[in-house]
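> output the structure for:
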Amino acid sequence: MTDYKEYITEYLAHEMETLQALDVESINEALNVLEQAYDRGSAVYIFGNGGSSATASHYQNDFNKGVSEHTEKKFDFRCLNDNMATVMAVANDIGFEEVFRFQLQGHLKPGDVVIAISGSGNSPNVLNAAEYAKAQGNTVIGVTGYGGGRLRELADVNLHAPVNSMQITEDVHLVFDHLMMSVFYKTMAGIDHLKGMTTAAFGR
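Numbers count the residues shown, from 1 in each chain. You can find the predicted model right below:
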């Protein structure tokens, strides 16, 4: 049997170091942006590539079902990478760099929020959509890792994982999701799942 404990411990140490270095003020800003969008009934568009596309889908689920299940009013998250027919049609007929911007055009309304996810912060299709949203006057939340790239520079609010590892970056991006979800459980639904919330309450 191979002993991997040294590598496991090393990974966990990097994970914990990254978590301890997160900017709490930026997370607070993101929570306020999302709460304000919720209050005015605005849409939140979210997207990313590869693992970040799965993360975007996860955010949509956690806000549209997770939090919204327990509130009279609902979040309106819209994940732009979930409709594969649309993504592939735009990629094939127009260009992959337009798969997200094209879906915002004609749909993005004043007050809507855009969450752009890119580990490097330099994905061209993510940047094109974020730049379009900024040009329309919409708030952009950038979710990044490494140095943050161009996305970190142009975003209004940054949820940044300060680490040069895509794996830990993507781990932290889901921590952002679950952390904000947990806060809204408390403030919007009066649920504190950290204090005795059972899995039975969630049907699993």
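> strands of the chain, start to end?
Along the chain, the stretches classed as strands by DSSP state E are 44-47, 77-79, 113-118, 139-144, 157-160.
> nearest to S26, of those strands?
Of all the strands of the chain, strand 157-160 sits nearest to S26, with 5.3 Å by CB to CB. Every residue, glycine included, has its C-beta placed from N, CA and C.
> out of the strands of the chain, the one nearest E98 is which?
Nearest to E98, of all the strands of the chain, is strand 44-47, at 12.2 Å by CB to CB.
> sheet partners, orientation included, of that closest one?
Strand 44-47 has these partner strands in its sheet, going by DSSP bridges: strand 77-79 (parallel), strand 113-118 (parallel).
> avg pLDDT for it?
Per-residue pLDDT over strand 44-47 has a mean of 98.
> ok, residues contacting it?
For strand 44-47, contacts defined as CB atoms under 8 Å, 6 or more residues apart in numbering pick out 34, 37, 53, 56, 59-60, 63, 75-81, 100, 103-104, 108, 112-117, 126, 129, 133.
> among those residues, which ones are buried?
Neighbour counting by 16 or more other CB atoms under 10 Å classes 34, 37, 53, 56, 59-60, 63, 75-81, 100, 103-104, 108, 112-117, 126, 129, 133 among these as buried.
> ok, residues contacting the longest helix along the chain?
For the chain, the helix that runs over the most residues, judged by DSSP state H, is helix 166-189. Contacts with helix 166-189, where a contact means CB under 8 Å, 6+ apart, come from 11, 14-15, 18-19, 22, 27, 30-31, 34-35, 38, 51-52, 55, 58-59, 62-63, 66-67, 70-71, 117, 119, 143-146, 159, 161, 163, 191-194.
> thank you, goodbye.
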